[in-house]
Each structure stands twice: as C-alpha cells, then as structure tokens.
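Novice: Sequence first, then the predicted structure:
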Amino acid sequence: QVQLVESGGGLVQAGGSLRLSCVASGTIFSINTMGWYRQAPGKQRELVATITTGGSTNYADSVKGRFTISIDNAKNTVSLQMDGLKPEDTAVYYCKTQVRRRNWEVSQYNYWGQGTQVTVSS
C-alpha cells in the first residue's frame, strides 16, 4: 500500500501564507502525478493544483497567481505554497497521488491523504 502524510495546515489571517507538504511512502515503483484538492463544509471536493513528475502543472482558476505547487521527485514529496490567502480558501486540504506500485504492473492507483485543515480568518 501507499501512505500519504500531510503537514502544514493551520489558522492564518487573510492575506497571509501557508505551506503544505505531503510525503508519499510504501509500495511505489513510480509516481505519475501528485496534487492537492480541498473540501469546504457543505461543498464537494475540488481540485486545487496538480503536478507531474516532469513538472507540468495544473491550477484551479480560483488559485492561479496565488498558489504554487512543486514536487521533489527524489523524496516523493509535493508542496503547495499558498500566498494571498482568502477566507474562501478555508477548507480541508487533501493530498492525492497516482502511482505504479510495481515495475511489472501497468495499472495506476490513486491514494489520498487524511487531510489537513486550513482556516483563513477575515
């Protein structure tokens, strides 16, 4: 199996910054993508940003220009630098990864972290 451990959430005032990190470990032959999603109370989980091991990124329109995703392939770690935070960014942030578990497997598997709370006060 694959485990994801997230860190870096917390409480911050509007306009402030936070940095989230997520480390993947376990049965991993290769990682395809890593990313961050969020879920606010009463809302569906939504994409925040994703990144491939080759460095290609994808951002939700609501965070473009404020959030930056990065990956450390050697450490199986993805980070999300969040600047200019707004109250509407308040949510539980989840790390997700898509991996190949063994070199003889073609299938890719998705795994989620437990989530970390980000609260932005106005």
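Specialist: Yes, it's here. Just so we're clear, the structure is a prediction, and the values are computed from it rather than from any experiment.

Novice: contacting residues for L4?
Specialist: 22-24, 95-97, 111-114 (C-beta atoms under 8 Å, 6 or more residues apart in numbering). For the C-beta atoms, the positions are set from N, CA and C on the backbone; glycine is no exception.

Novice: Of those, keep whichever come out buried.
Specialist: 22-24, 95-97, 111, 113 (16 or more other C-beta atoms under 10 Å).

Novice: could I get these as CSV with secondary structure, pLDDT and distance to V120?
Specialist: Shown next, in CSV, are the buried ones among the contacts of L4 (DSSP: H, G, I helix; E, B strand; the rest coil; pLDDT from 0 to 100; distance: C-beta to C-beta, whole Å):
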residue, secondary structure, pLDDT, distance to V120
C22, strand, 98, 20
V23, strand, 98, 24
A24, strand, 97, 27
C95, strand, 98, 19
K96, strand, 98, 22
T97, strand, 97, 25
Y111, strand, 97, 27
G113, coil, 97, 20
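
Novice: any chance of the contacts of L4 in CSV, plus distance to D89?
Specialist: Listed next are the contacts of L4 as CSV, based on distance: C-beta to C-beta, whole Å:
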residue, distance to D89
C22, 17
V23, 23
A24, 24
C95, 16
K96, 18
T97, 22
Y111, 24
W112, 20
G113, 18
Q114, 19
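
Novice: Done for today, thanks.
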